[in-house]
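K.L.:
sequence and predicted model, in that order:
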Amino acid sequence: MCGIAGVLAPSGGAARVARAMHAALAHRGPDAEGIDGRDHTILCHRRLSILDLSPAGAQPMNDASGMVRITYNGEIYNYRELRDECVRRGVEFRGTSDTEVILALYVLEGEAAFGRLNGMFAFCLADGRSGDAWLVRDPMGIKPLYWGETAHGIVFASELGAIANSGAIAMEVDRAALQAYVQLDFVPGPMSIVRGIRKLPGGQLLQVSRGGRVSQRVYARRSTERKPRDFDSVIRAAVERQLVADVPVGVFLSGGIDSSIVARVAADVAGKIATFSVAFDDPSFDESRWFELAARAIGSDHHTERLTAKAMLDLVPHIAATVSEPLADGSILPTMLLSRFASRHVKVALSGDGADELFAGYPTHRVINAGRTLALLPRSVRRRLAAAAHRLLPVSHANLSLDYRIKKFLEGADRDPVVQNERWLGSFAAEEVRNVLTSFDPRAQAELLALWHEPSHDIADPLEAVLRTDQRFYLQDQVLVKVDRASMASSLEVRVPMLDLEVVRYAHALPRDRKLRGGRSKWELREWAKRHFPPELAERPKKGFGAPLARWFRGELRELLRDTLAPDALARDGFFQPHAVQQLLDDHECGRRDERKRLFNVLMFTLWYRQFGRPHA
């Protein structure tokens, strides 16, 4: 796990731009650094040493001829098999890193090599023989990669903040991306919040010629495998691959079945494993009972840190700098503190992320059919039901409270399943975005709708359509972004065995009733958990990893919220309607409505804009 940046087809001032991006990524790789500028490319690298800790693993790295170079962030989990194959084909290796394997395989097979990699990665590979360079991102989009065409050449970096630090492009807000963010709580790729900068979607590559011509295409396609093996062998092989490291490895243990499965398998493979959890004072957010139960069943070397409200509150003003793009996910606060805690003991941690999107784990997945039934009622009846729910159900500030779920369900029930699920997960409905922003473009809304349906346009089953959309957007652009930025802020590598390509293929081939059966989500995983854990853990409902924002916005964070979202300040920024935001504040403070998500959405963009986007005097 590292930080990468560079300039392709560079022109005037490119070296300065590259050095500035390189400096901004120091937190991603504190162990070593390197810049290599030649053959019409400048490649930068910040190293977090995980495999081959010797100088032979340093980057940017050349092949034996010195003509092919790479700067790479991530881990290739099948690198040992690929290395053995390369040796049989006559390759002599200088070290033991997976980076060198990518170079060797490319020299042997060219672009076809990229599709053979099972891992999490983002890299730039420059071929001095042809003058071409490739930006490549792993199929599930686990590792980040931003790029853009500038006056200094084509810039790329692991984080948007590095490009902002370079001065290579004006940090002008992309209004279409802002519309999407306000609706979704994140900016969906390939957009970024900055005009002219894009995210490379997972499973795609960008080919750049010596002269700067750009060609973008898919290199990794969806699996059509239809004969799944058993889950036990698939997850065991994935965890075993992802435990390989030359540094200590642990596991995040939240108390949910996903992380518990990963930890249990890791302990079976390794014999003993360290697990890490955080506890909360607020009982509706605290998972102590569950992760302690799991740790005992696993027999892990368990570590717990109790989070104080002050520790999380102190982080709120710093989220924008950590993420470097607006992200309205309150769980980033405990994730940052969990990463900081774990990094004091290990350099790599496994997590259970990805299972919900693959195996239908969210509460919204269970009510897709109910939503379709409700949609048959006249619109006027649905509106009256939603209004009655807001009027009659008490406002609760608990984590994922029942009243909140019911209200969100009624709000989104009149849409097709893919959009319906987006409405349940996001903050503002499309019609509300028009009222809260100072400008609204219907064309951008239509483009977002088309983009949202892209991953599922050829899938008939509503559940599978929703899952593929979740994987492409919610997982890639919210969940994995949160985990990457939160962990890398503490120079910790987080691996996600549930997104190993073999597990993904297994999930994609799984029949619907082995994901969702009789109202039970993640049926396949629960059946596995029942054989390895106490029944109450295997059957417990999904509970999000969050922070008590609703209560904080009426108490400890009230002053920050009121000051940041003051009408005159919002008017100067020019993005949000001050009166609409003040209504949200008033409704939340008096207990009329629970507006925690919408307020956090506006707060996160505003904090980001005032750090990165606002022109400096």
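P.N.:
Perfect, thanks for sending it.

K.L.:
could you check how far Glu595 is from Gln582?
P.N.:
Distance, Glu595 to Gln582, by CB to CB, to the nearest Å: 11 Å. C-beta here means a position set from N, CA and C on the backbone, and glycine is covered the same way.

K.L.:
what do you get for Gly66?
P.N.:
Separation of Gly66 from Gln582 (CB to CB) stands at 62 Å.

K.L.:
of the two, which one has the most company?
P.N.:
Counted by other CB atoms under 10 Å, Gly66 and Gln582 do not tie: Gln582 has more neighbours, with 15 against 10.

K.L.:
mean confidence for the helix or strand hosting Tyr72?
P.N.:
Tyr72 belongs to strand 68-76 when elements are defined using DSSP states H and E. Throughout strand 68-76, pLDDT has a mean value of 96.

K.L.:
what strands flank that strand, and is each parallel or antiparallel?
P.N.:
Counting by DSSP bridges, the strands paired with strand 68-76 are strand 61-62 (antiparallel), strand 119-127 (antiparallel).

K.L.:
how far does that strand sit from its chain's centre?
P.N.:
Centroid displacement of strand 68-76 relative to its chain, using CA atoms, centre = their mean, to the nearest Å, is 20 Å.

K.L.:
buried ones in stretch 512-531, by neighbour count?
P.N.:
Judged by neighbour count using 16 or more other CB atoms under 10 Å, the buried positions of stretch 512-531 are 514-517, 521-526, 528-529.

K.L.:
could those go into a markdown table alongside pLDDT and distance to Cys86?
P.N.:
A markdown table is the format used below for these (pLDDT from 0 to 100; distance: CB to CB, whole Å):
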| residue | pLDDT | distance to Cys86 |
| --- | --- | --- |
| Arg514 | 94 | 37 |
| Lys515 | 95 | 38 |
| Leu516 | 93 | 42 |
| Arg517 | 91 | 44 |
| Ser521 | 91 | 42 |
| Lys522 | 94 | 38 |
| Trp523 | 95 | 41 |
| Glu524 | 95 | 36 |
| Leu525 | 96 | 36 |
| Arg526 | 95 | 41 |
| Trp528 | 96 | 35 |
| Ala529 | 95 | 39 |
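
K.L.:
so which of these belong to helices?
P.N.:
Members of the buried residues of stretch 512-531 lying in helices (criterion: DSSP state H): 523-526, 528-529.

K.L.:
which among these gets closest to Ser192?
P.N.:
Closest to Ser192 out of these is Leu525 (33.5 Å), distances taken as CB to CB.

K.L.:
next up, the contacts around the closest one.
P.N.:
For Leu525, the contacting residues are 231, 257-258, 261, 355, 359, 361, by CB atoms under 8 Å, 6 or more residues apart in numbering.

K.L.:
one more pass at 6 Å, please.
P.N.:
When the contact criterion is CB atoms under 6 Å, 6 or more residues apart in numbering, the partners of Leu525 are 257, 359.

K.L.:
then Pro497?
P.N.:
In this structure, Pro497 makes contact with 238-239, 242, 262, 350, judged by CB under 6 Å, 6+ apart.

K.L.:
next, give phi and psi for it.
P.N.:
Summarising the backbone geometry of Pro497 under the convention degrees, to the nearest 10, its torsions are phi -60, psi -30.

K.L.:
cool, and the one 4 residues further on?
P.N.:
Comment: the main-chain dihedrals of Leu501 come out as phi -60, psi -30, following degrees, to the nearest 10.

K.L.:
could I get the pLDDT score of it?
P.N.:
Per-residue confidence (pLDDT) for Leu501: 95.

K.L.:
looking at this structure, which helix or strand is least sure?
P.N.:
In the chain, no helix or strand scores lower on mean pLDDT, DSSP states H and E than helix 402-412, which sits at a mean of 52.

K.L.:
got a pLDDT number for Arg372?
P.N.:
As summarised for this prediction, Arg372 has a pLDDT of 52.

K.L.:
before we move on, the earlier item: just the ones of the contacts of Pro497 in strands?
P.N.:
Leu350 (DSSP state E).

K.L.:
looking at the contacts of Pro497, point me to the pair that's furthest apart.
P.N.:
Largest separation among the contacts of Pro497 by CB to CB: Ala238 and Leu350, giving 9.8 Å.

K.L.:
all the helices of the stretch 351-500 of the chain, residue numbers only.
P.N.:
Taking DSSP state H, counting those that start in this stretch as the criterion, the stretch 351-500 of the chain contains helices spanning 355-359, 363-366, 368-374, 379-392, 402-412, 417-425, 430-436, 442-453, 462-469, 480-488.

K.L.:
revised request: answer the last question for the stretch 51-200 of the chain.
P.N.:
According to DSSP H, counting those that start in this stretch, the stretch 51-200 of the chain carries its helices in the segments 79-88, 98-109, 160-166, 175-184.

K.L.:
how about these in a markdown table, adding mean neighbour count?
P.N.:
Listed next are the helices of the stretch 51-200 of the chain as a markdown table, based on neighbours: other CB atoms under 10 Å:
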| stretch | mean neighbour count |
| --- | --- |
| helix 79-88 | 16 |
| helix 98-109 | 22 |
| helix 160-166 | 24 |
| helix 175-184 | 23 |
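
K.L.:
now these as a markdown table including mean pLDDT and distance to Asn435?
P.N.:
A markdown table is the format used below for the helices of the stretch 51-200 of the chain (pLDDT from 0 to 100; distance: least, CB to CB, whole Å):
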| stretch | mean pLDDT | distance to Asn435 |
| --- | --- | --- |
| helix 79-88 | 96 | 51 |
| helix 98-109 | 96 | 49 |
| helix 160-166 | 94 | 28 |
| helix 175-184 | 97 | 11 |
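
K.L.:
quick one: closest of the ones you listed to Asp314.
P.N.:
Of all those, helix 160-166 sits nearest to Asp314, with 20.0 Å by CB to CB.

K.L.:
C-alpha coordinates for that closest one, PDB please?
P.N.:
These are the backbone C-alpha positions of helix 160-166, laid out as PDB (Å, rounded to 0.1, in the frame of the first residue of the first chain):
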ATOM      1  CA  LEU A 160      -7.500  14.400  -5.100                       C
ATOM      2  CA  GLY A 161      -5.700  16.400  -2.400                       C
ATOM      3  CA  ALA A 162      -2.400  15.800  -4.100                       C
ATOM      4  CA  ILE A 163      -3.500  17.300  -7.300                       C
ATOM      5  CA  ALA A 164      -5.000  20.200  -5.400                       C
ATOM      6  CA  ASN A 165      -1.600  20.700  -3.700                       C
ATOM      7  CA  SER A 166       0.200  20.800  -7.100                       C
END
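
K.L.:
packing partners for that helix?
P.N.:
In terms of contacts (3 or more CB pairs under 6 Å, 6 or more residues apart in numbering; DSSP states H and E), helix 160-166 is packed against helix 14-24.

K.L.:
could you give the separation of the next helix or strand after the helix it packs on from the chain centroid?
P.N.:
Tracing the chain C-terminally past helix 14-24 and defining elements by DSSP H and E, one meets strand 32-38 next. Distance of strand 32-38 from its chain centroid, counting by CA atoms, centre = their mean, is 27 Å.

K.L.:
quick one: strands adjacent to strand 32-38?
P.N.:
When pairs are called by DSSP bridges, strand 32-38 turns out to pair with strand 41-47 (antiparallel).

K.L.:
shaky segments in this protein?
P.N.:
Scanning the chain for pLDDT under 70 picks out 1, 52, 221-228, 369-415, 543-545, 614-617.
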